[in-house]
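Peer 1: Provide a 3D model corresponding to the input given below.
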Amino acid sequence: MYVPPVFPELVPNNKDILENFLEWRRHSFPFFERKTFLTHASVSPLPAHTRQALQDYAAHLADYGQFDAYSDTYYFRCKERVAALLCENKAPATPQEIAFAGSTSHALGLVATSIDWKSGENCVVADGDFPANVVTWKNLQHTHGVETRLIPYRPHMDLTLDDIKPLVDEKTRIVSLASCNFLSGCPLDLKEIGTWLHERGVLLCVDAIQTLGAVRCDFSEADFVCADSHKWLLGPNGIALLWTRGEVLKTLRPMVFGWLAGQNRDNWFSYDTTPIESAERFEPGARNYLGIAAFDASLEVLHNADPNIVENRVVQLRHFAAQKLVERGFHVLWQGDSNAKTGIVSFQAESESATLQLYKRLDENFTLSLRSDKAGRSWIRISSHFMNCEEDINALASVL
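Peer 2: Residues are numbered from 1 along each chain as shown. Next up is the predicted model:
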């Protein structure tokens, strides 16, 4: 079994400690042998620990067969890790309230289609959020006759409660927002928003894919949290989490109801359609154990790194990068302050063509993301994680 090297303390301007850190990184995140990875807001490379966990799990399946008794160890342990992570974000989560899904879109879709919608009701989302958290809800117009209201777009996506209030009325059932915008990096005050919504009987759903595993948010007033594992959580594609607040979970009936979702599922010929009390009601059939085993290992990596250290490094590196970019005359989409809980910073050169040429040149040695805003303008996005360091940003800045 692979044993990850101990995560070393990183002290600025200490050459010996930096070399120790880089040696740890080469062992723990092999991708860095190829390029400097700076795009965890996109798709993270798997840690070596996760790679080994997958190999070990697959070897066991080949040698001993695909039987649930062995795989369930990963299944339940991963849910415990997810619940602990959400509690770090002030969500009152228990493992029984966690469901696995195939993607963030899938998790959001489970929420959207499990509500007992009434005629004339509406939901609210943000124009400028990633499509997963918009089209899922807009599709309800075709399937359930639900109106989708859009919070007006603005480039920074620095939304506040005042942007939401005019769109909420007595027919609003749910508001679904991203904890952090995928392009600007601007985070939201979810506690304030959720408190106001709950006073009016409105649910709050959070797409947390751009914060979970990187920085801690306040999900204490959220009713749902959705996130795939392949970004800041360091897991593979195709395995996502859905947390539902316990009292809300009881009111939901999934549109896709499989044999494992029933309360009396052990009695096969009862054909019971009463949803099981836990969030397993959202898991209709055979489970993605391979994805769960990998997700479990990646969550272990994050836990061993310490959430405080992870958050501090993500926030510090984001601010450090924004400062370097501004000093060199680049346009930063949203700078925020040094304490902004986000890991994303996007920038552009003096023209569209210059931005595209710069991205092409940087791609030789750095893995970044090229993204477009609503107006079609290109931005280069940096998103550093805890295994990055100031030397990575300095190296990037030196070739700007």
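Peer 1: what's the closest non-adjacent residue to Ala126?
Peer 2: Spatial nearest neighbour of Ala126, excluding adjacent residues (Cβ to Cβ, 6 or more residues apart in numbering): Ile151 at 4.3 Å. (Glycine included, C-beta is placed from N, CA and C.)
Peer 1: contact partners for that neighbour?
Peer 2: When contacts are counted by Cβ atoms under 8 Å, 6 or more residues apart in numbering, Ile151 touches 124-127, 159, 163-164, 167.
Peer 1: got the contact list for Ala322?
Peer 2: Each residue near Ala322 by Cβ under 8 Å, 6+ apart is listed here: 332, 335-336, 345.
Peer 1: return the subset of these lying in strands.
Peer 2: If you go by DSSP state E, the contacts of Ala322 have 332, 345 in strands.
Peer 1: out of the contacts of Ala322, which end up buried?
Peer 2: Among these, those scoring as buried are 332, 335-336, 345 (criterion: 16 or more other Cβ atoms under 10 Å).
Peer 1: redo the residues you listed as a markdown table? Include distance to Phe224 and pLDDT.
Peer 2: Below are these laid out as a markdown table (distance: Cβ to Cβ, whole Å; pLDDT from 0 to 100):
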| residue | distance to Phe224 | pLDDT |
| --- | --- | --- |
| Val332 | 32 | 97 |
| Gln335 | 31 | 91 |
| Gly336 | 26 | 89 |
| Val345 | 28 | 98 |
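Peer 1: out of those residues, who's nearest Ala53?
Peer 2: Among the buried ones among the contacts of Ala322, Val345 lies closest to Ala53 (Cβ to Cβ), at 31.6 Å.
Peer 1: is it true that the closest one touches Arg371?
Peer 2: No. Taking Cβ atoms under 8 Å as the definition, Val345 is not a contact partner of Arg371, at 12.0 Å.
Peer 1: residues of stretch 26-35 that come out buried?
Peer 2: Judged by neighbour count (16+ other Cβ under 10 Å), stretch 26-35 contains these buried residues: 28-29, 31-32.
Peer 1: Val256: which of these is nearest?
Peer 2: Phe31 (35.7 Å).
Peer 1: part of a helix, is the closest one?
Peer 2: Yes. Under DSSP: H, G, I helix; E, B strand; the rest coil, Phe31 falls within a helix.
Peer 1: hang on, it packs against Phe37?
Peer 2: Yes. Counting by Cβ under 8 Å, Phe31 does reach Phe37; the two are 5.5 Å apart.
Peer 1: can you list residues touching both of the two?
Peer 2: Common neighbours of Phe31 and Phe37 (criterion: Cβ under 8 Å, 6+ apart): 45, 367.
Peer 1: one step back: which one of the contacts of Ile151 sits closest to Leu325?
Peer 2: For those, the nearest to Leu325 is Leu159 (23.5 Å; Cβ to Cβ).
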